[in-house]
Each structure stands twice: as structure tokens, then as C-alpha cells.
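Visitor: structure of the sequence below:
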Amino acid sequence: MAATVHHSFSSLSTIGVKRTTPNARSGSPWRRLATRSARCEVAVGEKRRVTVTNGGDSLDICRVLNGMWQTSGGWGRIDRDDAVEAMFRYADAGLSTFDMADHYGPAEDLYGIFINRVRRERPPEVLETIRGLTKWVPPPVKMTSSYVRESIDVSRKRMDVEALDMLQFHWWDYSNPGYLDALKHLTDLKEEGKIKTVALTNFDTERLHIILENGIPVVSNQVQHSIVDMRPQQKMAELCQLTGVKLITYGTVMGGLLSEKFLDTNLAIPFAGPPLNTPSLQKYKRMVDAWGGWSLFQTLLQTLKKVASKHGVSIPAVAVKYILDQPAVAGSMVGVRLGLSEHIKDSNAVFSIVLDEDDVSSIQEIQKKGKDLMRIIGDCGDEYRRV
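Guide: Here you go, the predicted model:
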């Protein structure tokens, strides 16, 4: 669906919730909010897990999340039984948080089969560590209570849970203020016990501010964030640090581009390098082109390889750790091709890495040579709303 980005605020009428906009005249637009909103806090126990809290709502997740976009087609045929067995292998290895969406093909159904088997085949202490995060991506129609309730009930049924661990909400068109109505109804469902935590995905900083000003207790915003795409640190992170809302990131290994597989390759020569044969590889190759091109990207990969070799890990592990170390980031997504390929070892290696000043400086030197994607694309999520 095409969506237009509206950088100026729309005129917002009152329909059940107070609609406010940032005050551009009061210095940083977030200061007033920070003094009056309930703080979200992150408590880190075992370093592989993090608890995101807003008011009375809390959820602990693994800091490396298993992204299930790859079940939606375009990455190879997914066999149901093989996929569920793969989910067990990830969970048994401590990678027990799964991220999906209502439109990711059979993702929610696979989770439902998986969690039902976990209840029968694993002890209760294992079940307590499993998390299923999903997204709701509705069309920009009128957000009535019944429409929202019916939509969420579909995900609850597919995932075979009484309450969704986290519902991450996406909205296509900011000129339609119905996203506030939807979030109000989602908050009502949370109070009824059908959702444990309410969150966002692909919202920009201005809209996140409006949502928080309206008292919606969101705990996180899922956004694209990688060594190449540092847009969340330019604007979003300031608001997140002031309010405690956390970032969950995707695109962190750029569909696999940030890996040894693409090191020392030249995609300008037909058939000379690995094929860009998945939706994620094609998507993030466009991001590389916007950032600085393949030659600069090769320089980045060479730098990451040196850092990875120093720590005895892979390039993807370094790429994920670098983003996990950024302000406001609670967790980072790594896509899983369930039953087709696995990277459990690489994902778990992330938790052993401690990047030192030399590592960070070497990466930042390459980043400085890239273009400012905020100027080219816009704020978080604007890539989905450009004409």
C-alpha cells in the first residue's frame, strides 16, 4: 500500500483521547513530556535478557530476537513440522523470543503449534521463558472498538494464547489520526488481559511523542537500525532515553549482507557474487546504494571482519552487538529461515562480545564516510510512507 509522509502535523479532532503535538518553541520538544510521563525502565539481569517496563506493564525478552518475516514467502518453502522443530532448537539454545506479524504468512500459526507443544513437552520453567511478539498492520480505516478487538482475537487464536505477550502496532498514513483511537482500544484490551504489553513498529519520533502525550503506555518501538542505518540515533533515541521507551531493531544484519558471504564480492559484475535472491537482500541492497554504494560497503565489511576475527566471532555477530550497545536499544532482530538454515551459534556468540574503543572507532570511521540517511529517507519508518 502506498502511503504519503506528512511531515507537518495534521489538525487533530477529539475522539475519545486528547491529541497533542510537540511544542517547537520550548527548546527540546521532549523535555515537558519527560517530566510528566510515566517512565519505562529496563532491568538487565542475565545479559541475554532484558525487561522492558512501563508503569505496571512489563515483559522480559531475549536481546537477540528470532525474526519470522522469512516465513512469509520469498526465502524458500517452509515445511510446518521442520519449522516448529527449528523453533524448539532456538528456544532450547536460549533464543526464546520470536517476532512475527499478522501478515507474515503462517508465522502466527507456527507459533501457536510451537507453544502448544512447549506446554506439553517442556517443563514450566522453559515455558515461562518463551515470548511471542506480534504486529498488527491494519488498513487506515475507522478504528472502532469492535474492529480492533476482532483483529486482535484473530492473532490470539492463531498463536493459541489467552494474552499476546506484545502487540506492536503499525499505521500507514499519519494524515489519518485514527492510530490514536486504535492505540486507545489496544490499551483497553491490555487492561482486559488480552494483551500484556502495547508497543509500536515503524513510528517516527513526532508521532511517538504524540502517542506518549496521550497517555498510551507503549514500551517499545520496532525500527530499522544497523551499522549502515543509524537514523534511530539521530532523533528517536533522545526521546526514548527521556521517556524510557525502548527500541527493538530489525534489519540489523541487513538481510545477510552484513556477513562473510558478501565480503570481497563485486555485484557490479553479473554472476560474480552471491545472488540477491530474497526480499530482504534486495531491500537492504537499496539501503547500501543510498548510503554510499558497494565499494564503501566492502570497506565496512573488511573492517567488521577484522573486529570479528579479533573476537573469534562472525561479522553478523559484531553487527548485532554494535547495535545492541547503542542508546535505547533493548533488542535486535535476526531473521530465521526455519527448517532451511540456522545461525544459533552466531546469535549466541553476540552475548560473549565486548567491543572496545578501538573496535568502535574503526567502525565509526567508515560510518562517517557514508551519506546521512536521515536527510535522504527521513526519520524512522518514513521509508514506508514516501510517495
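Visitor: could you use CA atoms for every contact and neighbour count after this?
Guide: Fine.
Visitor: tally of neighbours for the closest residue to Ile377 other than its chain neighbours?
Guide: Of all residues not flanking Ile377 in the chain, Glu383 sits nearest, at 6.1 Å (Cα to Cα, 6 or more residues apart in numbering). If you count neighbours by other Cα atoms under 10 Å, Glu383 ends up with 15.
Visitor: name all residues that make contact with the closest residue in space to Tyr104 that isn't next to it in sequence.
Guide: Spatial nearest neighbour of Tyr104, chain neighbours left out: Ser72 (4.6 Å); criterion: Cα to Cα, 6+ apart. Ser72 sits next to His103, Tyr104, Gly105, Pro106, Ala107 when contact means Cα atoms under 8 Å, 6 or more residues apart in numbering.
Visitor: make a markdown table from these and add secondary structure to it.
Guide: Shown next, in a markdown table, are the contacts of Ser72 (DSSP: H, G, I helix; E, B strand; the rest coil):
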| residue | secondary structure |
| --- | --- |
| His103 | coil |
| Tyr104 | coil |
| Gly105 | coil |
| Pro106 | coil |
| Ala107 | helix |
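Visitor: out of those residues, which is most surrounded?
Guide: If you count neighbours using other Cα under 10 Å, the busiest of the contacts of Ser72 is Ala107, which has 25 neighbours.
Visitor: of all the contacts of Ser72, which comes closest to Val228?
Guide: Nearest to Val228 among the contacts of Ser72, counting by Cα to Cα, is Tyr104 at 25.2 Å.
Visitor: pretty sure that closest one sits against Thr71.
Guide: Yes - counting by Cα atoms under 8 Å, Tyr104 does reach Thr71; the two are 6.4 Å apart.
Visitor: and which of the contacts of Ser72 is nearest to Ile152?
Guide: His103 (12.8 Å).
Visitor: any idea how far that closest one lies from Asp165?
Guide: If you measure His103 against Asp165 using Cα to Cα, to the nearest Å, the figure is 18 Å.
Visitor: likewise Gly215?
Guide: According to Cα to Cα, Gly215 stands 20 Å off from Asp165.
Visitor: what do you get for Asp229?
Guide: Remark: distance between Asp229 and Asp165 (Cα to Cα) = 28 Å.
Visitor: go on, Gly74?
Guide: From Gly74 to Asp165 the distance is 27 Å (Cα to Cα).
Visitor: more neighbours, those two?
Guide: In this view Gly74 and Asp165 are compared by other Cα under 10 Å, and Asp165 has more residues nearby, 22 against 12.
Visitor: tell me the contacts of the closest residue in space to that one that isn't next to it in sequence?
Guide: Nearest residue to Asp165 in three dimensions, chain neighbours excluded: Lys196, at 5.0 Å (Cα to Cα, 6+ apart). Counting by Cα under 8 Å, 6+ apart, Lys196 makes contact with Asp57, Ser58, Leu59, Ala163, Leu164, Asp165, Met166, Lys190.
Visitor: count the neighbours of the fourth one for me.
Guide: It stands for Ala163. When neighbours are counted by other Cα under 10 Å, Ala163 registers 21.
Visitor: was I right about it contacting Lys194?
Guide: Yes - the pair Ala163 / Lys194 is scored as a contact, 4.2 Å apart, by Cα under 8 Å.
Visitor: which helices and strands sit right next to the helix or strand in which Val126 is found?
Guide: According to DSSP states H and E, Val126 maps onto helix 124-127. Judged by 3 or more Cα pairs under 8 Å, 6 or more residues apart in numbering; DSSP states H and E, helix 124-127 is in contact with helix 107-121.
Visitor: list the buried residues for stretch 117-135?
Guide: Of the residues in stretch 117-135, Val118, Leu127, Thr129, Ile130, Arg131, Gly132, Leu133, Thr134, Lys135 count as buried by neighbour count, 16 or more other Cα atoms under 10 Å.
Visitor: and the contacts of it?
Guide: 61, 91, 96-102, 108, 111, 115, 164-170, 201.
Visitor: and if you look at stretch 298-305?
Guide: Counting by Cα under 8 Å, 6+ apart, 258-260, 263-265, 314-315, 318-319, 362-363, 366-367 sit against stretch 298-305.
Visitor: for that stretch, buried residues please.
Guide: For stretch 298-305, by 16+ other Cα under 10 Å, it's Gln298, Leu300, Leu301, Gln302, Thr303, Leu304, Lys305.
Visitor: assign the fourth one to helix, strand or coil.
Guide: Meaning Gln302. Assignment for Gln302 (three-state DSSP): helix.
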